[in-house]
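Let's see this in three dimensions:
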Amino acid sequence: MAEVVIVRDAEEAGVIAADAIERLVRATPDAVLGLATGSTPLTTWAALAARGLDLSRVRGFALDEYVGLPPGHPESYRAVIDREVVATLGLPPGLVHVPGDSGPIETAGDDYEKAIHAAGGIDLQVLGIGRTGHIGFNEPGSSFASLTRVKTLTEQTRRDNARFFPSLDAVPTHCITQGLGTILRARHLVLLAFGEGKADAVAGAVEGPLTSSLPGSAIQLHPRVTVIVDEAAASGLANADYYRRAWDSRLDWEKN
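Residues are numbered from 1 along each chain as shown. Have a look, this model is predicted:
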């Protein structure tokens with residue numbers, strides 16, 4: 001069962017997620033982080049940056065990237081990662097990777113898998129979840145064994161992301177994303193979700209049936225998952241009271 005933490009707001013969630021990252025980095029200064037983009041992890045990056053940790057040896061791998069945007073496009077995930085994560089945390093840019101960064105797109109998935117393997121695997125993967133239940137850009141129907149590959153985006157995901165572009169037509173139709181199998185190989189998953197619009201996806205991921213129709217349910221297969229959600233995102237959880245009690249009743253060794 002995932003560890004589910006229900007918090008007041010995104011700021012409190014960011015502190016708890018930053019705690020987990022800080023513990024990892026203090027124990028392993030050259031830790032490998034899996035980096036999510038979007039607004040969900042912003043409070044995590046802000047809370048981590050405020051701690052003044054030495055992150056100069058930390059390596060990073062982004063979850064996904066659009067296909068077809070020109071180099072330097074401000075909404076490419078390379079640009080977003082550089083702007084919101086690398087600059088905020090002071091990570092060495094050369095140690096932070098985004099799928100499809102180099103080489104032909106036809107081999108980009110295999111190349112990314114090899115790079116993650118060469119780095120020793122991802123120690124802690126930060127995740128968000130979409131309203132379709134996608135994690136990364138693994139849309140409904142994705143195989144739980146899938147690896148990094150090119151995918152077609154659903155129209156719901158394109159509509160959700162249109163706020164970052166001049167129009168829906170400007171949103172790419174394809175992406176390259178870590179697969180569910182890739183994500184499940186990370187040693188620790190930290191999934192964050194905020195707002196009532198994520199409630200159904202969170203409930204399905206944590207308590208629903210294991211199904212490719214809701215890719216986020218793949219987290220049920222992982223031995224170490226921390227799900228951090230605000231009250232609105234937790235509103236569909238049948239066992240919310242138990243999760244609150246379990247978090248408040250942690251043993252001393254579980255808090256470190």
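
Identify each buried residue in the host helix or strand of residue 242, please.
Using DSSP states H and E, residue 242 maps to helix 240-248. The neighbour-count check on helix 240-248 (16 or more other CB atoms under 10 Å) flags 240, 243 as buried. Placement of C-beta: from N, CA and C, glycine included.

Which strands or helices does it pack on?
Applying 3 or more CB pairs under 8 Å, 6 or more residues apart in numbering; DSSP states H and E, one finds that helix 240-248 makes contact with strand 3-7.

Name the residues that touch the strand it packs on?
13, 16, 206, 225-231, 234, 237, 239-240, 243-244, 246-247 (CB atoms under 8 Å, 6 or more residues apart in numbering).

C-terminal to it, what's the next element?
In N-to-C order, the element after strand 3-7 by DSSP H and E is helix 10-27.

list the buried ones in that next one?
For helix 10-27, the neighbour count (16+ other CB under 10 Å) marks 10, 12-21, 24-25 as buried.

pLDDT of it, averaged?
For helix 10-27, the mean per-residue pLDDT is 98.

For the closest residue to residue 218 other than its chain neighbours, give me its contacts.
Of all residues not flanking residue 218 in the chain, residue 180 sits nearest, at 4.7 Å (CB to CB, 6 or more residues apart in numbering). Residue 180 is in contact with 135, 136, 138, 142, 143, 144, 145, 146, 215, 218, counting by CB under 8 Å, 6+ apart.

from memory the first one sits against residue 214, does it?
Right, the one you point to is residue 135. No: using CB atoms under 8 Å, residue 135 is not in contact with residue 214, being 9.8 Å away.

Give me the common contacts of the two.
With CB under 8 Å, 6+ apart, residue 135 and residue 214 have common neighbours residue 205.

neighbour count winner among the two?
residue 135 (28 against 21; other CB atoms under 10 Å).

Buried ones in the lowest-mean-pLDDT helix or strand in the chain, by neighbour count?
Within the chain, no helix or strand scores below helix 155-161, which has a mean of 90 by mean pLDDT, DSSP states H and E. Neighbour-count burial for helix 155-161 flags 157, 158, 160, 161 (criterion: 16+ other CB under 10 Å).
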